[in-house]
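Peer 1: one predicted model, sequence on top.
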Amino acid sequence: MSDNYVYNAAGLLAIVIVGALLIKVVKALLISTPTIDVLGPEGLKAQDKTVNGSSSARAATQVVCTDPATGEVICELPAMTAAQVNERITQARQAAEVWRRSSFKQRKLLLRIMLKYIVSHQDEICRVAARDSGKPLVDAAFGEVMVTCEKIAWILSEGERWLKPEKRSAGAMMFYKAARVEFHPVGVVGAIVPWNYPFHNVFNPLTAALFAGNALVIKVSEHASWSSLYYGRIIEAALQAAGAPKGLVQIITGYAEAGEALTKGQVDKIIFVGSTQVGRHVMRAAADRLTPVTLELGGKDAFIVCPDADLNQAVPTALRGAFQSCGQNCAGAERFIVHSDVHDTFVQRVAETTNRLRQGPPLGQGMVDAGAMCLPGLADKVAELVDDAVAQGAKVLAGGKVVHPAGAPGGQFYAPTVLVGVTPSMRIWQEEVFGPVLAVARCSSDAEAVQLANSCPFGLGSAVFSRSQRRANAIASQLRVGMTSINDFATTYMCQSLPFGGVKESGFGRFAGIEGLRALCVTKAVAEDRVPWLMKTTIPPMLQYPESKEDKLGH
Ligand SMILES: NC(=O)c1ccc[n+]([C@@H]2O[C@H](COP(=O)([O-])OP(=O)(O)OC[C@H]3O[C@@H](n4cnc5c(N)ncnc54)[C@H](O)[C@@H]3O)[C@@H](O)[C@H]2O)c1
């Protein structure tokens, strides 16, 4: 038995034991938590389909929700106007005034109610997310449900600790003062989110914003709005069961106009999760009211494979990093930088597996590894970038084309692709693909790997694989990014006390973790006398007004 098998078996055993323990802990935690009743997804289509008027009139006033894997229209929802968005902000503000005085006990109850529902209805939640976004159920279980549950569990266990007043040193001169920082709710958080994880993108800002004592107005993407009907019902039922004020969470459906109204509206903090291009608009719009923004923008993560990397570990991780949710991840591995010594073995192994992947509608017959592209036109954009790279000398070892799987004539699919011979001068190295392309460049030293990794406008996540953790850390420390996972991919996202965010065109500010939770608060500095009955401070006589040279300086 090789070292690798022993290593993998031990890792698997550890995961199984820890997983079983976690399930027990979560169940015990939720035992005395109220259960909520929510109309399930089966009620969505009939009840919420509100098709009215001619198609041209509908275009501006309705969001047409389609299943990206089949092209079927699922329902239509209102495209809210600026006036409607402002009305929702006003309602949220009224609720925020009440909720800011809520206790941590009540906020925890709210999160426990949500967690209990999510754990017991994960299948429905995944199926709805899969239908809305085109991702396979496994990807939904992993990226929508598991991550959300883990984030809620972290806030429940540590959130209060990080939002409690924190003592600070007052310094030598102010030794008689007690100094602290307090974290108060900002008020109304406005969040604008994309379509790639319809469930997680809503619950991620929601749980943190509400736990910090805020109201939330959240604009969901026009390309994944249908699921917000079901998820909105979960939220409403949980708020009611926890005794939270009505209107605390407002879901906005619509297009750019609705998003812009939110950024220009009376909100106290904006979290924008989306493209770099729209992020720039958001920042400009927020400037008028000086509303603070956190920008979580595009990514193009480098995945560095050193010559001493364990390929049994790196290859499966590379495949998941590139193809999870068909590559529609902000922190998606898009640039593989592989040392010449292991390059050929690495590409041969990733190509061999990629050629065996099954692709099709996630809710169709049979198991699929890869689903559909959610955004209309994205499959063609991926094709354009791959074709451009090929025209400049890159070679396709797997996939490389738009496909039409059986049973999905109207679906949007691009085949999982392995591309080798990629160079920084190619568009595919510089532009975000947001699709299932594992693009490989060759390097011959650690210094070259660093230089290649940094030769890109984005700086969100990254990964470094080497049997020497010292070597991997030395490389990681030179990467201009917000996050690095050593011998793994995107695990910083699963370590819940860590912040999430990028540098350069990937944005700024931090979301999630301790920094992210605190970023939803007003950080207030407070100083008071340390021992007021013993030492009260007043302005020394020589500094008191009115100034008088004779009196004070003795002249
Ligand atoms: N860094 C992260 O955490 C993260 C996470 C997921 C996705 N993303 C990024 O999101 C992008 C894909 O998502 P997308 O196509 O939905 O992005 P997008 O920027 O086109 O849209 C995001 C949201 O912004 C809204 N919007 C559009 N124009 C607006 C405007 N002028 N003012 C305000 N809001 C406006 C959209 O309606 C949508 O809800 C990718 O670039 C991806 O990397 C980033």
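Peer 2: Right, received. Where do you want to start? Numbers count the residues shown, from 1 in each chain.
Peer 1: how far away is the residue lying closest to Q328 once chain neighbours are set aside from A170?
Peer 2: Nearest residue to Q328, sequence neighbours excluded (Cβ to Cβ, 6 or more residues apart in numbering): N196, at 4.5 Å. C-beta: built from backbone N, CA, C; applies to glycine. Separation of N196 from A170 (Cβ to Cβ, to the nearest Å) stands at 46 Å.
Peer 1: count of neighbours near the residue in the stretch 151-300 of the chain that the ligand sits nearest to?
Peer 2: Using Cβ to the nearest ligand atom, the single residue of the stretch 151-300 of the chain nearest to the ligand is G259, 2.2 Å away. Neighbour count for G259, taken as other Cβ atoms under 10 Å: 26.
Peer 1: what number of residues lie near the closest residue in space to P68 that isn't next to it in sequence?
Peer 2: Take P68 and drop its neighbours on the chain: the residue closest to it by Cβ to Cβ, 6+ apart is G134, 3.9 Å away. For G134, the neighbour count with other Cβ under 10 Å is 31.
Peer 1: one more: S228?
Peer 2: S228: 27 neighbours (other Cβ under 10 Å).
Peer 1: these two touch, right, it and K219?
Peer 2: No. Contact criterion Cβ atoms under 8 Å: S228 and K219 do not qualify, at 9.9 Å.
Peer 1: need the overlap of contacts for these two.
Peer 2: T253 (Cβ atoms under 8 Å, 6 or more residues apart in numbering).
Peer 1: got the residues of the stretch 251-400 of the chain near the ligand?
Peer 2: Contacts of the stretch 251-400 of the chain with the ligand, taken as Cβ under 6 Å from any ligand atom, map to 255-256, 259-260, 263, 273-275, 278, 281-282, 296-299, 330, 375.
Peer 1: filter the residues you listed down to the buried ones.
Peer 2: Buried members of these, counted by 16 or more other Cβ atoms under 10 Å: 259-260, 263, 273-275, 278, 281-282, 296-299, 330, 375.
Peer 1: which two in the residues you listed are spaced the farthest apart?
Peer 2: E260 and G299 (23.7 Å; Cβ to Cβ).
Peer 1: tell me the contacts of A130?
Peer 2: Neighbours of A130 in contact, by Cβ under 8 Å, 6+ apart: P136, L137, D139, A140, P362, L363, G371.
Peer 1: for the stretch 301-450 of the chain, which residue gets nearest to the ligand?
Peer 2: Counting by Cβ to the nearest ligand atom, the stretch 301-450 of the chain gets nearest to the ligand through C330 (2.9 Å).
Peer 1: nearest spatial neighbour of that residue, skipping sequence neighbours?
Peer 2: Nearest to C330 is G299, by Cβ to Cβ, 6+ apart, at 4.6 Å.
Peer 1: name the SS class of that neighbour, please.
Peer 2: Three-state assignment for G299 (DSSP: H, G, I helix; E, B strand; the rest coil): coil.
Peer 1: one step back: ok, the residue of the stretch 151-300 of the chain closest to the ligand - contacts?
Peer 2: Applying Cβ under 8 Å, 6+ apart, the residues near G259 are I192, K219, I252, V278, V282.
Peer 1: how far away is it from D310?
Peer 2: 44 Å.
Peer 1: please apply the same query to S157.
Peer 2: For S157 relative to D310 (Cβ to Cβ), the value is 33 Å.
Peer 1: what is the burial count for F199?
Peer 2: Residues lying near F199 (other Cβ under 10 Å) number 27.
Peer 1: swap that for E97, sorry
Peer 2: Neighbours of E97 (other Cβ under 10 Å): 13.
Peer 1: hey, where'd the strands end up in the stretch 301-450 of the chain?
Peer 2: Remark: strands assigned in the stretch 301-450 of the chain by DSSP state E, counting those that start in this stretch are 301-305, 333-339, 395-398, 402-403, 413-414, 417-420, 437-443.
Peer 1: quick check: mean pLDDT of the last one?
Peer 2: Right, strand 437-443. Averaged across strand 437-443, the pLDDT comes to 98.
Peer 1: and what of stretch 353-367?
Peer 2: Stretch 353-367 comes out at a mean pLDDT of 92.
Peer 1: hmm, who's touching it?
Peer 2: By Cβ under 8 Å, 6+ apart, the residues outside stretch 353-367 that reach it are 67, 69-70, 127, 130-131, 134-137, 140, 315, 319, 323, 368-372, 397-399, 403, 405-408, 411, 413, 415-418, 438.
Peer 1: now with 6 Å?
Peer 2: 69-70, 130-131, 136-137, 319, 368-371, 398, 405, 407-408, 416, 418 (Cβ atoms under 6 Å, 6 or more residues apart in numbering).
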